[in-house]
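Enquirer: Provide a 3D model corresponding to the input given below.
(chains A, B, C and D)
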Amino acid sequence: MEISDSLSFFLTLPLFGMVLSLLIPRGVQRIYAIFASLLFLALTVYEASGILFAGSSELAARLSVEHQLLWLPQLGSRLSLKLDSVSAWFVVLNALTAVIAFSTKGAWYRKNPKLFTSLGFFLLFGLNAAFLSLDLVVFYLAYESVFIPMIFMVGVWGERQKATAVFRFFLMSFLGSILMLVSLFFLLSKQVKSGAGVSSHLSDLVALSSGLEGAEAKLVFLGFFLAFAIKVPLVPFHSWLKDVYNLAPFPATIWMSAILSKLGVYGVIRFVEPLFPQVLGFFQGGLLFLAAVSVIYAALLAYRANHPKELLAYSSISHLGFVMLGVFTLKAQGISSAILLSVGHTLVSALLFFLLSKVEEKKEGLDLLSVHGLSRRYPVLFVALFVAVLASVSLPGTLNFAGEFLVLLNAYPVSAFCTILAGFGAVLGAAYMLKFYQQMGFGTPSSGTSEQVTRGDDLGGFELVLVFVLILFVFYFGFQTSVFLKGN
Amino acid sequence: MMITLLVLLPLLGFFLNGFYHFSAQARKTEPSVVVAGVIGTIALFAAFALAVVAWLSLGKSGAWDVGIEERLFSWMKLGTLHVEFGYRLDRLSGIFTLVITGVGSLIHLYSIGYMENKGSARYFAYLNLFCFMMLNLVLGSSLPLVFLGWEGVGLASYLLIGFWSGEMANIMAAQKAFLMNRVGDLGLLFAMFIAFKFAGTLDLADLSSYSFKPEVATAFGLLIFLACTGKSAQIPLFTWLPDAMAGPTPVSALIHAATMVTSGIYLLARLNPVMGQSPTVLFVIAAVGAGTALMSAITACFQSDIKKVLAYSTISQLGFMFVACGVGSPETGVFHVMTHAFFKALLFLGAGSVIHALSGTQDIFKMGGLRSSLPLTFWTFTAGWAAILGLPPFSGFFSKDGILHESLVAAHGSRVIFAVLAFTAFLTAFYMTRLYILVFFGQSRLSEGVRKHVHESPIVMTLPLLFLGLAALAGGWFGAPVRFESGHHGGVGEVSPYLIMVISVFIAAAGAFLGYRKYFRSNHSEKTRDPFRVDEIYTVVFGRGTEMVASFCSRFIEEGVFQRILQFSGAAVDLGGNLFKTVQTGSAQGYLLMMVLAVVALVCGLIFGVHGYGN
Amino acid sequence: MMADLEMLRPWIFLASGILLTLLISVIRTESKRPAQISALLTVLGTAIFSFKSPPSEAVFLFSGALEVSSLSLFALGGMSVLAAMFILGTGHYLTREKIHISDYYHLLLILVLGGSVLVASRNLLLSFIALEVMSLPAYTLVGFRRNDSRSNEAALKYFILGGAMGAVFLLGSSFIFGATGTLDLSAVFTESKGGTSLLLQLGHLLVVLAFLFKVAAAPLHFWKPDVYEGAPTPVTGIMATIITSASFLGLIRLIHMIDFSSPGTVGYLELMKSALRVAAIASLVVGSSVMITQRSLKRMLAYSSITHTGYLLLGVLGAFDEKVGITSVLVYLLGYCVMSTGAFVLLTLAKAPADTGTELIDLTGLIKRSPFLTFLWTVFFFSMAGMPFTVGFFTKYSVFMASLGGGETVLVILAAICTVVGAYAYLRAIALMTMRDAAPAAGDWEFSPGSQIVAIVAAGFVLFLGIIPNAMIQYLKGIPLIH
Amino acid sequence: MSLLEPWMMLVVSMVIFGIGLLGLLIRKNLLVMLMCVELMLNGVNLSFVAFSKIHHSLDGHLAVLFVMTVAAAESAVGLGLVIALFRTLRTVDSDQIQILRD
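Expert: The predicted model follows:
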């Protein structure tokens, strides 16, 4: 079983990359980071391909490999990594996001680049650990450790007034996760009381949590749910998000919107579903409503936003609302459509923020009220941006459409009301995304923008290839959805 | 694979032109309109040829209603849902395909003359994209694929309306069109959900043969109809079409007269059996259709922009078609779609040629007496005029007369609807004559600058005019191309079609005469008015409304509650800290006192609480 | 008899080392170096002796007054190591602050001796003496910056309150003596089998309170911030680590000298538990909430150590019915000592003006001036906040698990929330270091190889134990608390 | 029936302890406060004696001896500290020494 043995490289290689980045000279950090992450992406895809592109569900199920290594015997937690058709996608997306985030240019490669690169690789490591681990203690450790690089990225390279944003981000997430920790400990202590050997492996805890009775189960569930709800975030647990997205440097924003938010989605799918099926069933109505409200509410806020980063931040809440709607159908179809959609959202939001970072690189201010008519100066960039916008309003043919369509299709029988509510989010989505694009792209060019286009200004070279490939993915998978939907 | 190929050809054209556009940009030159135009036109002509071949082979196979199906791959397969990506060509979609590719290629040809070099490659790319999407819409074998085309044409029309993106007004018009269509699309989306929930399939063939429970059929039908009102600019979602005239005139001809706006009719005709299952739906369709027809006809009488007049007349004609679908004889509706495609495209192109000749003037009160200077345009325009009035033997006569007749005698026909349509026909005759007279007759009211450059359009523009003129003349001679089992005739019983013919011709003549009397001599300008002010109302209610709700959310809920909660929690902790600090006075004896109090409290707890002394 | 002395070897070695150091410091008053070296050798030797041969089972000497067990030896060894780290890491501070008194070192050793005996003692009288032997050097050391009024004030406050509580402890033990006729803990334990007598419980309560004072559990914590701020930084560190650990282990032993399993003590058990609950939550709330209002780094650390007391009390509460309790307390103490040793040693590097202690401001923009110091500070702060991959996470893990095992769910939830509040304070410090540009007011930091080494070692342990705590947990599991 | 019953000694000892504590709480002179600490310790000593009389064991007397020694050491340290403080602050008033606070 060669895959099983090589699973641990998902964790070791990023750490190795982190160490290496401390030895590489400052000047070539960006090159190094991009190449290393590309290499890692290639390896990841190679490893995961067996599972990702396995023809049928049975094959995928058979290929889902687990690799165990007892880590803390006294605490009964083991390094138990599992690569299956769920985690495989997130692992690949993680590597891809790293590539995109590293390929941005900016202050982080001028001021203290070594720190930035090593933080990035640590993030890669932490996220992989979180996505692969089946052991809840290990998952918690990874989940929590992801904050550390985030804090520093925002804090060191963010814009002014970042400190408050960092505190809010950290404290709210930390509150959520520590309550999750308490719930986890509660389960473990139950285990101790029951006399069975302590084990924080998911399967053992599932056996345990099914024994919990009403109120207790609900409270423990809330502990877990809150952590992930804050992470995603679902309204009303979103209030930390705006400032962080605004003030964070672009790579951090890319990481947060593209993959960190998925950590919450993944947590619900991988851990909350199996642990508390009946509690979820009990709360389902409310949860669906929450998801639908997040869609609408965030869309309205995005419609009102004047800063593109803020707008995209809210739009990403809105789209994740769709994802959670799919998850909370609590049906296999709904969940796999949710995964489909979250893959799409990862690609598209990463793409959007990346292109936005390119605009900012050109030293254009980023204010929808003041910046106009850029499409004439950077035609290629803005064509790409337009395609990304179309994808994010889920135009049919894109991956996002397939996801959103299937999510709503499966949510409709469960709760017609919430589905309709969320459906209106699609209209609003079109409204604010068009506003976003038109304000920046069209109209009379803002003062000081020269009409003539010099080639260097525009998207080109490696970046162009990257963007092109991403767009290709969005459309290719938009039609080849079967890749995601095996198992149902 | 013929059908697939004919669908993909325009896409190929799109990519070629797009590539041409960027390569020209890289070389910092403007693309040549001829090259771009030829690429686009050839793609469409080839598609048209293929369509004809496919149509003939369809006729040979005789499978008019089953149609030829081509499955490409499985698009979405999840649980019981299985969406095949495939095309189906039958009689209905065949007609639409022929119209789209045929009229489409003529308009491509016309555009070569109409557009100048700047951005031409982009223009033709968009035009090809539109045709590709439109073909998906009519040929798609399942609802999701129709939806793909449905939103795709919306996108293309967005791009083309906003083609001259320098003007923010154009962009806003484009955005308006896109958003209103999005609202309609929501209807289609939810119709799909209902269909899947109850019928368990999204394939059009299975769906139209499925019989729903009455209330489900009603919900499904109304949602579909909502989508159609969006695309086909019916009440309540019609206000985008007049603004859409911001785009280049050929675009208005192709998208906003001939093809895209008729896709609503296509969908209704396609799902006719399901629609028929709910009288409510049919009634709503007929009522809305008639209402829209009348309303926009009235509005058209108050327009002075030549394109706006034509736009409102388009809406009105679409109303006719909807009535046809509503009273239960979609075939006449489809018939009118075809003829209307011919003469309305013709009228728009004619108008385009006029505008072209007058270097951009669009106000009909600044024209006049162009008969002599633009002879070819004049004669072809005359054909279109006659056709829309419904004068025999022009094509419009047959289809419109068919609708009038059906509105009376068809399964769900009624006198009221007939009366409304008849009056609308009268108005149509009136405002079209008004337009016709003001543009081509009387003495010229051109400004000096314009008058010098007045010239007949080049051959590439007039050739399509001639073709379309012929079609507008002869398009109706062979009767309705489609037949449905539209059931027994109900309505008001048998009425002789000849009687209706006489009536309609008389009405048209009366309207035309009135228009002639009112405008032949007069030259005083009228200002444009919208007697119903629907647009303003929408702007206030929906535009402002959304703004207000959004700002309420962001200002009161977000800033006022959520962000405030964060600040408060921080402040509360801080307060607590400072509170606890106040006991840290620095006096050892103070500390000792508090410690002693704590000790005493515990001791008392022990003595009285645990050991219960003193009680 | 010889066998007994064999068992006592570490203490004897320590005591003789003290005498030697005293002798040296009497002879060579002008330079500290010789005293320092002999003190260092003494503690190292003691550590070696105490870790070398842990007895298989506990041995009671002096008619059961002194317990030579894995626990007491571990305590002695651990304290000696801590002392060694401080001796090594804070020499530069004494030079800079012109503390030219070589008595510093043998006082420090005496303090260690007192602390270790306090842990090992199984007799109330011996405990009292050990307590005083630990406290008296502490009083003097706190006042060691003799021409700084703050130092003197701190020493005097500590002395007055400490003395009073010492008296309270003595009063309590006299009550116990009155109730049972003995001062021997095991005798008291057996005596309290039916122990419903008010006098016994009253005495026990007072004794426990005296120790709660020593560990500065709210509301008996008032002395801590003032004393920590006034004392010379190395002394603060020593108090935070050695005295806290000794007092906590003593506290646990004394709590368990009453047999709570006997039916007569049910009501009293509840009282004791709720007293500890109140103390725990009060320490957490007060500590964490006041911590975020502090401007002085030292005071902030003082309040942070109050919150740590709160966490430790969670572990103590867990210890009532489960043996996991004592392990969790040991784990927490170990981790806490490692990280605060590091933190206070780093703090000694701050060249703060004498009148105002080290302010948080002095940290601003440290990453520019010394990335390395920043890294070390960050490690220790994260560990105190309980972030993963630092030992701080597993310390919290163990006490939370323990008190959940004891059924203290609500308490743990409150503690978790306090953790977030505390984390804010640490994060604020980190933000000052990494996310701000250096303020002009920021004081600068000196370089001293000794302290760097100590800090690096501490940080290394923090990370190592945070990633692979197996050995630590395994080892501490093997250290039982003998009733 | 001896002249001096243990309970009387206990009462006295408690009174002495109380006086010490009270003095420690209210007197402002550091030296007096020092004495009050001694007073508390001696009060406890008396109670030890009383209890050992009750139990007819010598442990109490033993304890008293130790405590007296410790008390002596303690008062020595205390005096030293007071002197040091007086050197810097020129006062022995407990209200004057409140620099360290908050």
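Enquirer: and C:Arg33, how many residues sit next to it?
Expert: Number of residues near C:Arg33 (other CB atoms under 10 Å in any protein chain shown) recorded here: 12. For every residue, glycine as well, the C-beta is placed using N, CA and C.
Enquirer: buried set for the longest helix seen in chain A?
Expert: Longest helix of chain A, by residue count under DSSP state H: helix A:162-194. Neighbour counts using 16 or more other CB atoms under 10 Å in any protein chain shown place A:162-163, A:165-192 of helix A:162-194 among the buried residues.
Enquirer: wait, a strand at B:Glu84?
Expert: Yes - the assignment for B:Glu84 by DSSP: H, G, I helix; E, B strand; the rest coil puts it in a strand.
Enquirer: C:Thr348 versus that one, what's the distance?
Expert: The gap separating B:Glu84 from C:Thr348 is 76 Å, by CB to CB, to the nearest Å.
Enquirer: name the residue in those two with the higher neighbour count.
Expert: C:Thr348 (28 against 18).
Enquirer: what about the nearest residue to B:Leu226 once chain neighbours are set aside, distance to chain C?
Expert: For B:Leu226, ignoring the flanking residues on the chain, the nearest one in space by CB to CB, 6 or more residues apart in numbering or on different chains is B:Gly187 at 3.2 Å. Plainly put, B:Gly187 is 47 Å away from chain C if you go by CB to the nearest CB, to the nearest Å.
Enquirer: hmm, B:Gly187 is touching B:Phe220, no?
Expert: No - contact between B:Gly187 and B:Phe220 fails when scored by CB atoms under 8 Å: they sit 10.0 Å apart.
Enquirer: neighbour count winner among these two?
Expert: Counted by other CB under 10 Å, B:Gly187 and B:Phe220 do not tie: B:Phe220 has more neighbours, with 28 against 21.
Enquirer: now do the contacts for that one.
Expert: B:Ala191, B:Ile194, B:Ala195, B:Phe212, B:Val274 (CB atoms under 8 Å, 6 or more residues apart in numbering or on different chains).
Enquirer: quick one: list the elements packing against the next helix or strand after the longest helix of chain A.
Expert: Sequence-wise, the next helix or strand downstream of helix A:162-194 (DSSP states H and E) is helix A:202-209. The helices and strands touching helix A:202-209, judged by 3 or more CB pairs under 8 Å, 6 or more residues apart in numbering or on different chains; DSSP states H and E, are helix A:162-194, helix A:273-275.
Enquirer: hang on, the earlier thing: and the longest helix of chain A with helix A:202-209, angle?
Expert: Put simply, helix A:162-194 runs at 70 degrees to helix A:202-209, going by axes from the mean of the first three to the mean of the last three CA atoms, to 10 degrees.
Enquirer: do helix A:162-194 and chain B meet?
Expert: Yes - applying CB under 8 Å from any CB of the partner chain, one finds helix A:162-194 touching chain B at A:Arg168, A:Met172.
Enquirer: packing partners for that helix?
Expert: Helix A:162-194 packs on helix A:136-145, helix A:147-157, helix A:202-209, helix A:214-231, helix A:241-247, helix C:391-405, helix C:409-435, going by 3+ CB pairs under 8 Å, 6+ apart.
Enquirer: for B:His356, which of those is the nearest?
Expert: The closest of those to B:His356 is helix A:241-247. By CB to CB, the value is 49.4 Å.
Enquirer: now do the helices in the stretch 251-400 of chain A.
Expert: A:261-267, A:273-275, A:277-304, A:308-327, A:332-361, A:379-392, A:399-414 (DSSP state H, counting those that start in this stretch).
Enquirer: residues of the fifth one that come out buried?
Expert: Applying a neighbour-count criterion of 16+ other CB under 10 Å, one finds A:333-360 buried in helix A:332-361.
Enquirer: do the second one as well
Expert: Buried residues in helix A:273-275, counted by 16+ other CB under 10 Å: A:Leu275.
Enquirer: which residues touch it?
Expert: A:Leu202, A:Leu205, A:Val206, A:Ser209, A:Phe221, A:Phe224, A:Leu280, A:Val327, A:Leu330, A:Ile335.
Enquirer: re the thing from before, out of the helices of the stretch 251-400 of chain A, which is the most enclosed?
Expert: Among these, helix A:308-327 has the highest mean neighbour count (mean count of other CB atoms under 10 Å in any protein chain shown), at a mean of 28.
Enquirer: now B:Trp379: closest residue in space, sequence neighbours ignored.
Expert: B:Gly469 (7.3 Å).
Enquirer: and residue 39, which helix or strand is it part of?
Expert: No chain was given, so I picked chain A. Counting by DSSP H and E, A:Leu39 is part of helix A:29-52.
Enquirer: you looked at the wrong chain, it should be chain D
Expert: helix D:30-55.
Enquirer: ok, then the element right after that helix?
Expert: Toward the C-terminus from helix D:30-55 - assigned by DSSP H and E - lies helix D:59-89.
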